[in-house]
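Trainee: Sequence first, predicted coordinates after that:
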Amino acid sequence: MADRSPGLACRYEDILLLDGVRTPFADYCGALAGVSPTDLGIKTARAVLARAGVPPTHVGQVITGNMAQASFDAYMLPRHIGLYAGVPIDVPAILVQRVCGTGFELIAQAADLMTLGKTDLALCVGTESMTRNPVAAYTHRTGFRLGQVEFKDFLWESLLDPAGGCTMGQTAENLARKYEISRAEVDAFAAASFARAVAAQEDGFLAGEIVPVTSETFELAGYAPRGIRLDRSLKEFATDSHIRPTSLEALRNIKPAFGGVQTGGNSSAIVDGAAATLVANRRYARAHGKTPLARLVAAAAVGVPPEIMGIGPVPAIRRAVEVAGLSLAEIDRFEINEAFGAQCLAVERALGLDHDKVNVNGGAIAIGHPLAATGVRLTVTLARELRRRGLHYGIASACVGGGQGIALVVENPDLARHPG
């Protein structure tokens, strides 16, 4: 009989992240507004293969994530990312989604495939155009009725969970009441996120994971070319556009968005972007002389009540730490997606975390949250931070709309008990 411990969890011994890269994240209706998420995904897929020095022909599986169908060829997104990245035509591709936890799920599924012996190397790409979310209708295939022509903003409507009758923002307000979190605390949290992100941008840390985006064409022999076309006035897009010096006073002056503590300034930024990583087993890394960026120790996904979906990282982190055979005290850094300031504060409070260990290079309030790309970005940022500081273990985690949490435990390979 299956173990009825909370959620799904697994410990891994021989799974490595070889490298990771992302585009800069662009503000909603900004520099990447005209770019398909497929092409953003191709860009990062090509970049991570080049950065890791891995031939595309070595990839045994392509695993992609994307939430909103933001172009008419969206069905082909996984396949096109693999093919235009140079992956062999016989290698399959798949699209998975766990809403805000999708990027983490890509990595976990790659690890599971390797544990089953199905592949030695997987290309994982999360990509999202929030700008290109459609204005949609779901009831018009059978015709229009008088007074019932209904087109809605998919991006806005998708924030409502009809099970609990509340929006994602309202779930954060529920947590603010439950954990007695004030507006002043949430604004202070957001100000810290911006300050940390500005520092990480200015000292070049964030640039180390970014591939600049330019107008370019992606060729594929025997098939139609595709590519990226930026506005003529923009030769290159190279830095996250939402990061900016932001004072506590400025945040205090923003009106509440949901009637409580959350505002547009202390919630995650709406942005476009993509991120990619290569997941391999130890056999592949040794055979090809690859020094990994990180070792994946464990992964966990756990369900929580939809109306407090933001607390999801709490049981997920606890479960991941448990199966990893570690304690929270042994975790040196946390990357917890800042869907909402109150939500992230509730997680910190419930777990008793030291804020000096959480999102030390800024979070989604400052950098942005392109849904399917976020988990990859957080994991890569975490792994790079552990290497930079000579720290051992880290956890990357996110809450998930609908009521879930997901978490990955990663280890600095320089300090690994079983070096690659």
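Mentor: That came through, no problem.
Trainee: So which residues of the stretch 151-300 of the chain form helices?
Mentor: Taking DSSP state H, counting those that start in this stretch as the criterion, the stretch 151-300 of the chain contains helices spanning 154-157, 168-178, 183-202, 248-252, 282-287.
Trainee: got a list of contacts for the longest one?
Mentor: Read it as helix 183-202. With Cβ atoms under 8 Å, 6 or more residues apart in numbering as the test, helix 183-202 has contacts from 176, 206-207, 239-240, 243-248, 251-252, 256, 260-263, 265-266, 338, 341-342, 344-345, 355, 359-367. Where you see a C-beta, it was placed from the backbone N, CA and C, and this is true even at glycine.
Trainee: longest single strand anywhere in this protein?
Mentor: If you go by DSSP state E, the chain has its longest strand at strand 8-22.
Trainee: got the buried residues for it?
Mentor: Neighbour-count burial for strand 8-22, counted by 16 or more other Cβ atoms under 10 Å, picks out 8-12, 14-22.
Trainee: give the contact list for the nearest residue to H369 once chain neighbours are set aside.
Mentor: Closest residue to H369 apart from its sequence neighbours, by Cβ to Cβ, 6 or more residues apart in numbering: S268 at 3.8 Å. Taking Cβ under 8 Å, 6+ apart as the criterion, S268 is in contact with N337, E338, A339, F340, A364, I365, G368, H369.
Trainee: from memory the first one sits against V400, does it?
Mentor: What that stands for is N337. No. Look at N337 against V400 with Cβ atoms under 8 Å: they stay out of range, at 9.5 Å.
Trainee: Residues that sit against both of those two, list them.
Mentor: Residues touching both N337 and V400 (Cβ under 8 Å, 6+ apart) are C100.
Trainee: Which one's more surrounded, those two?
Mentor: Using other Cβ atoms under 10 Å as the criterion, N337 and V400 rank with N337 on top: 32 against 27.
Trainee: Let me know the closest of the buried residues of strand 8-22 to G325.
Mentor: Closest approach to G325 among these (Cβ to Cβ): R11, at 7.2 Å.
Trainee: pretty sure that closest one contacts V323?
Mentor: Yes. In this structure R11 lies within contact range of V323 using Cβ under 8 Å: 4.7 Å.
Trainee: joint contacts of the two?
Mentor: Residues touching both R11 and V323 (Cβ under 8 Å, 6+ apart) are A298.
Trainee: Model confidence score at H140, please.
Mentor: Reading off the confidence values, H140 has pLDDT 86.
Trainee: Can you classify it as helix, strand or coil?
Mentor: Assigned with DSSP: H, G, I helix; E, B strand; the rest coil, H140 falls in the coil class.
Trainee: quick one: which helix or strand includes the residue of the chain positioned farthest from its centre?
Mentor: When distances are taken from the C-alpha mean of the chain, L146 lies farthest, 42.5 Å away, according to Cα atoms, centre = their mean. Remark: L146 resides in no helix or strand, with elements defined by DSSP states H and E.
Trainee: what pLDDT does it get?
Mentor: So, for L146, pLDDT stands at 81.
Trainee: on that earlier part again, export the contacts of S268 to JSON lines and tack on pLDDT, distance to K43 and secondary structure?
Mentor: Converted to JSON lines, the contacts of S268 look like this (pLDDT from 0 to 100; distance: Cβ to Cβ, whole Å; DSSP: H, G, I helix; E, B strand; the rest coil):
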{"residue": "N337", "pLDDT": "98", "distance to K43": "23", "secondary structure": "coil"}
{"residue": "E338", "pLDDT": "98", "distance to K43": "25", "secondary structure": "coil"}
{"residue": "A339", "pLDDT": "98", "distance to K43": "25", "secondary structure": "coil"}
{"residue": "F340", "pLDDT": "98", "distance to K43": "29", "secondary structure": "strand"}
{"residue": "A364", "pLDDT": "98", "distance to K43": "21", "secondary structure": "helix"}
{"residue": "I365", "pLDDT": "98", "distance to K43": "25", "secondary structure": "helix"}
{"residue": "G368", "pLDDT": "98", "distance to K43": "17", "secondary structure": "coil"}
{"residue": "H369", "pLDDT": "98", "distance to K43": "19", "secondary structure": "coil"}
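Trainee: which regions of the stretch 301-420 of the chain lie under the pLDDT threshold?
Mentor: 417-420 (pLDDT under 70).
Trainee: one step back: single out the most deeply packed of the helices of the stretch 151-300 of the chain.
Mentor: helix 168-178 (a mean of 23; mean count of other Cβ atoms under 10 Å).
Trainee: what's in contact with that helix?
Mentor: Surrounding helix 168-178, the residues in contact under the criterion Cβ under 8 Å, 6+ apart are 159, 161, 164, 166, 181-182, 186, 257-262, 267, 306-311, 339-343, 346, 401.
Trainee: One more: stretch 408-415?
Mentor: For stretch 408-415, contacts defined as Cβ under 8 Å, 6+ apart pick out 16-17, 104, 107-108, 291-299, 320-321, 324, 326, 331, 375, 379, 382-383, 386-387, 390-397, 417, 419-420.
Trainee: buried subset of the residues you listed?
Mentor: 16-17, 104, 107-108, 292-299, 320-321, 324, 326, 331, 375, 379, 382-383, 386, 391-397, 420.
Trainee: where along the stretch 301-420 of the chain do the helices fall?
Mentor: Going by DSSP H, counting those that start in this stretch, the stretch 301-420 of the chain shows helices at 313-324, 341-351, 364-367, 371-389.
Trainee: right, so of those, which gets closest to R226?
Mentor: Nearest to R226 among those is helix 371-389; the distance by Cβ to Cβ comes to 19.2 Å.
Trainee: and the angle from that closest one to helix 183-202?
Mentor: Angle of helix 371-389 versus helix 183-202, following axes from the mean of the first three to the mean of the last three Cα atoms, to 10 degrees, is 70 degrees.
Trainee: Against F334, how distant is A192?
Mentor: 14 Å (Cβ to Cβ, to the nearest Å).
Trainee: ugh, wrong one, I meant G375
Mentor: As judged by Cβ to Cβ, G375 and F334 stand 14 Å apart.
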